[in-house]
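**Student:** based on what follows, work out the 3D shape:
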Amino acid sequence: MSATQSPQTAVEPNSPTSQATKETLEDYTLRFAPRSYRRWTPMIVATTALGGIAYMADFSIGAGIGLAHGTGNALVAIAVAAVVIFVTGFPLAFYGARYNIDLDLITRGSGFGYYGSVLTSVIFASFTFIFFALEGSIMAQGLKLGLGLPLWLGYAVSTLMVIPLVIYGMKALSKLQVWTTPVWLLLMVAPLVYLISDDPGTVDRFLAYAGTDGDGGVNTASVLLGAGVCLSLIAQIGEQIDYLRFMPPKTEANKRSWWTAVVMAGPGWVVLGALKQAIGVFLAVYILAKVGPDSATEPIQQFRGAFDTMMPSWMVIPLAVALVVISQIKINVTNAYSGSLAWTNSFTRVTRTYPGRMVFVLVNLGFALVLMEADMFSFLNSILGFYSNCAIAWVVTVATDIGVNKYLLKLSPLVPEFRRGMLHAVNPVGVVAFVAASGLSIAMYFHALGDTLQPYSPVAAAAIAFVLTPVMAIVTKGKYYLRRTDDGIDEPLLDAEGNPSATTYDCHVCHQPYERPDLAACQTHGSVICSLCLSTDKIGDHMLPAQPSTV
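**Tutor:** Presented below is the predicted three-dimensional model:
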């Protein structure tokens, strides 16, 4: 069925609405990803998603924790954080892959509301530029060592070189990640295997390292402080979902490969992440005597020291620099891409204007460059420890809403909703849980509740979000999730196998065909309108009225 064209809503070819439509159809930024676009196999999607976690920050994070608290505390902290990240990431990855929407669209219908999720979009956008700055700093260190570039110039080079790559969407990024992953894996794993086989004593020295603040034993405070830094990576699931939303429909024929890809590239990213953090501790302890504690957390120095033992000296620096540059490009195209989506999504909802994704690519890169020039690498753990409280509160709130409120309490609608007019502006369930969890945990982090409780701030963020999310759903009786239960279209939202319907309709505003989940009925024209045209409707006359039973 096609919507009838309305003369008063005809779109000029070069109008802002037309330009927004063309750009968002490049890889369905801000939209449901339709079946007609999702032509990749589950394994290609998984490989592309995992290619984005080639960042070097894990080595720095692990090294920083290990040097401060000792190997025992660091390994336990890494394991604790990995378990939390895996458990909370699973329901988010499943929803992104099953319903083909990104984490912001999931968050809207999982306790936050249409405008309430702007809070978490800003949190996610901050994650992308913080980690872009971290990776850019690591690359600048490599360029200084290999080419003699001053750090300030290396920061600029690592920022500017990403722009041409991130202009393109999923099609270009999938090729980049698939082709570079084997080289990256070889350069990362080979030196570790060589060091252990050449000198098994390195393992004993690694396990016995006590740290500058430790006595060699494992204690709760050190573990939690380390886990808090590792948990700053909990928001990485958002970047994984930016790829997983392009998974093909789950069917009886592909269900095994589908689930394997979702688990591996969704929450499973943390397995490789935790291994990299542990390797970071190992390499830092190995080269500590050679370069000193200040440089032992720099990945370029870690791999320089490792390569130095296994190959001619003339190959050491070029290979170390190559590893750092490949890793930085692989992750920072993802950081720039995902960050631009988060900023654009927030701006479009608040202003009802679509400025173009490239505007926010530059905004995100600008924030990252400022952090790099401010030498964020020197106070890395402090930034990540603070940030982790907000990220934990957000991800745990959404994961709890899916796992508890949707499946156990059945107070939250099982099928996620993201369209304007279908959701309330703000849902107190997620907003209250998130604000309370992040606010109290940040106060604890900054010693407002005493020095004894300070290490427990990440625990507080997770526990408060986990408890308050279902409590708020029960108190509000779930009435703030949906503004409407009927979107005015007779065609079912899901097909017989539970996948989003592939039936297409024409939006009467932009005159483009869209699949069923991306549309709603129009209040004034008796036709259908796509989600982006609905979001940019400044007057609001396209939006269906609220249903009394849902308020």
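**Student:** where does Asn354 land in three-state SS?
**Tutor:** You called it Asn, but residue 354 is Tyr. coil (DSSP: H, G, I helix; E, B strand; the rest coil).
**Student:** any idea how far it lies from Phe347?
**Tutor:** 8 Å (C-beta to C-beta, to the nearest Å). For every residue, glycine as well, the C-beta is placed using N, CA and C.
**Student:** which one of these two has more residues nearby?
**Tutor:** Remark: of Tyr354 and Phe347, Tyr354 carries more neighbours, 24 against 18, as counted by other C-beta atoms under 10 Å.
**Student:** how many residues are close by the nearest residue to Val509 once chain neighbours are set aside?
**Tutor:** Once flanking residues are discounted, Val509 sits nearest to Cys533: 4.0 Å by C-beta to C-beta, 6 or more residues apart in numbering. Neighbours of Cys533 under the rule other C-beta under 10 Å: 25.
**Student:** contacts for the host helix or strand of Cys533?
**Tutor:** Cys533 is located in helix 531-535, with elements delineated by DSSP states H and E. For helix 531-535, the external contacting residues (C-beta atoms under 8 Å, 6 or more residues apart in numbering) are 17, 20-21, 24, 30-32, 348-349, 352, 354, 418-421, 507, 509-510, 518-520, 542-543.
**Student:** mind checking which of the residues you listed are buried?
**Tutor:** With burial judged by 16 or more other C-beta atoms under 10 Å, the buried subset of the contacts of helix 531-535 is 17, 20-21, 24, 30-32, 348-349, 354, 418-421, 507, 509-510, 518-520, 542-543.
**Student:** my guess is Thr297 contacts Asp58, does it?
**Tutor:** No. Between Thr297 and Asp58 there is no contact under C-beta atoms under 8 Å: 11.6 Å.
**Student:** identify the contacts common to those two.
**Tutor:** With C-beta under 8 Å, 6+ apart, Thr297 and Asp58 have common neighbours Gly280.
**Student:** ok, and what's touching stretch 445-462?
**Tutor:** When contacts are defined by C-beta under 8 Å, 6+ apart, stretch 445-462 is touched by residues 84, 220-222, 224-225, 227-228, 231, 385-386, 388-390, 392-393, 396, 437-438, 440-444.
**Student:** restricted to helices, list those.
**Tutor:** 84, 220-222, 224-225, 227-228, 385-386, 388-390, 392-393, 396, 437-438, 440-444 (DSSP state H).
**Student:** give the contact list for Val183.
**Tutor:** So Val183 contacts Ile326 (C-beta under 8 Å, 6+ apart).
**Student:** secondary structure element for it?
**Tutor:** helix 170-198.
**Student:** roughly how far is the very next helix or strand once past that helix from the heart of the chain?
**Tutor:** On the C-terminal side of helix 170-198, the closest following helix or strand by DSSP H and E is helix 201-208. Between the centre of helix 201-208 and the centre of its chain there are 34 Å (C-alpha atoms, centre = their mean, to the nearest Å).
**Student:** what of stretch 466-473?
**Tutor:** 23 Å.
**Student:** pull out the buried residues from that stretch.
**Tutor:** Buried residues in stretch 466-473 (16+ other C-beta under 10 Å): 466, 468-470, 472-473.
**Student:** quick one: least confident helix or strand in this protein?
**Tutor:** Taking mean pLDDT, DSSP states H and E as the measure, the chain has helix 16-24 as its least confident helix or strand, at a mean of 52.
**Student:** excluding chain neighbours, give the residue nearest to Ala156 in space.
**Tutor:** Leu369 (7.0 Å).
**Student:** what residues are up against the spatially most central residue of the chain?
**Tutor:** With distances taken as C-alpha atoms, centre = their mean, Gly238 lies nearest the centre of the chain, 2.6 Å away. Contact analysis of Gly238 by C-beta under 8 Å, 6+ apart lists 102-104, 124, 127, 338, 342.
**Student:** ok, back up a step: and the buried ones among the contacts of stretch 445-462, selectable in ChimeraX?
**Tutor:** Selection command for ChimeraX covering only the buried members of the contacts of stretch 445-462, criterion 16+ other C-beta under 10 Å:
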select :84,222,224,225,227,228,231,385,386,388,389,390,392,393,396,437,438,440,441,442,443,444
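**Student:** which helix is the longest one in the chain?
**Tutor:** helix 313-351.
**Student:** count the neighbours of Trp269 for me.
**Tutor:** Neighbours of Trp269 (other C-beta under 10 Å): 24.
**Student:** distance of it from Trp259?
**Tutor:** From Trp269 over to Trp259 the distance is 16 Å, taken as C-beta to C-beta.
**Student:** check Met444 too.
**Tutor:** 38 Å.
**Student:** one more: Pro545?
**Tutor:** 40 Å.
**Student:** okay, the two: which has more neighbours?
**Tutor:** The residue with more neighbours, out of Pro545 and Trp259, is Trp259; 14 against 9, by other C-beta under 10 Å.
**Student:** which residue is the nearest non-sequential neighbour of the more buried one?
**Tutor:** Lys250 (8.0 Å).
**Student:** so how far is the helix or strand hosting the residue nearest to Ala156 off the chain centroid?
**Tutor:** Using DSSP H and E, Leu369 falls within helix 357-373. On the basis of C-alpha atoms, centre = their mean, helix 357-373 sits 17 Å off its chain's mean C-alpha point.
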